[in-house]
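**Student:** Next come a sequence and a model predicted from it.
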Amino acid sequence: MTHPSLSSSDSLAEQITEILRLEILSGELKPEYIIEESAIAARHNVSVSLVTKAISTLLNEALIVEQDNQFKVISLNEKDFLEIWDLRSALESMAARRAAPRWTQEDSDIIWGIIRRQYDAQSLSELSELDVELHSYMVQRSNNRRLFTAWKQVRIQFSLLINRTHRVIGAIDLNPMKGAAEAHAELLAAFETHNGDEAAAAAVAHVETWADWLSKKLEY
């Protein structure tokens, strides 16, 4: 993975946080991996205190847990994944019901742009980022500020799930870029009906189809 270069113009702590976040989401840092503050500080030539700040942020995002006086990459079990899927389904179907009636051609053009980028994605990490970007836009179009805020608060958990889904698909020689793009094209078609109930049902089906498939493939 290519890491962003550290720059004095930005917060070093934020940059270290982003590097570690990407390494966790991409699977480069495996579940239960022990995060050693001194080693990370030495690797990036920064102070341990900056790494400590980064770890604090990742603890709040539930990407890292503290166990036995050690910081470890979170390891999610089947119950964790099912809870995340359920939360996605609830929030995104609610957003779809509100977004569809006000959906415009401009909205469709934006989503199609993301879908085309998914087809051309050069890595699973890029694909996952685009996946989250697409769903973020759809939820934001609900025009419900509190709903979007709730979705953003668990966005990192969704990202973790989406990244793992794409890695599983890629590992069994399927085409995750094509699959994601086609699934999102179907979801977009439901929004374009301007029927809130139809869009909500499509959002639930979109999430639950992948949840059912992934639950049969994952080894917890």
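**Tutor:** Sure thing, it's come through.
**Student:** Give me the most central residue, this protein.
**Tutor:** Ser159 (1.5 Å; CA atoms, centre = their mean).
**Student:** Report the contact partners of it.
**Tutor:** For Ser159, the contact set (CB atoms under 8 Å, 6 or more residues apart in numbering) comprises Leu25, Ser128, Glu129, Val132. (C-beta placed from N, C-alpha, C; glycine too.)
**Student:** from those residues, which is closest to Gly179?
**Tutor:** Closest to Gly179 out of the contacts of Ser159 is Ser128 (12.7 Å), distances taken as CB to CB.
**Student:** nearest residue to the closest one other than its sequence neighbours?
**Tutor:** What sits nearest to Ser128 in space, not counting adjacent residues and going by CB to CB, 6 or more residues apart in numbering, is Asn163, at 4.4 Å.
**Student:** Quick one: distance of the helix or strand that contains Ala95 to the chain centre.
**Tutor:** Following DSSP states H and E, the helix or strand that holds Ala95 is helix 78-99. The chain centre lies 13 Å from the centre of helix 78-99; the measure is CA atoms, centre = their mean, to the nearest Å.
**Student:** can you check stretch 47-64 too?
**Tutor:** So, by CA atoms, centre = their mean, the centroid of stretch 47-64 is 19 Å from its chain's centroid.
**Student:** One more: stretch 103-117?
**Tutor:** 19 Å.
**Student:** Now do the buried residues in it.
**Tutor:** Trp103, Asp107, Ile110, Ile111, Ile114, Ile115, Arg117 (16 or more other CB atoms under 10 Å).
**Student:** Also stretch 92-101?
**Tutor:** Glu92, Ser93, Met94, Ala95, Ala96, Arg97, Arg98, Ala99, Ala100.
**Student:** before we move on, what about stretch 35-55?
**Tutor:** Per 16+ other CB under 10 Å, stretch 35-55 contains these buried residues: Ile35, Glu37, Ile40, Ala41, His44, Val46, Leu50, Val51, Lys53, Ala54, Ile55.
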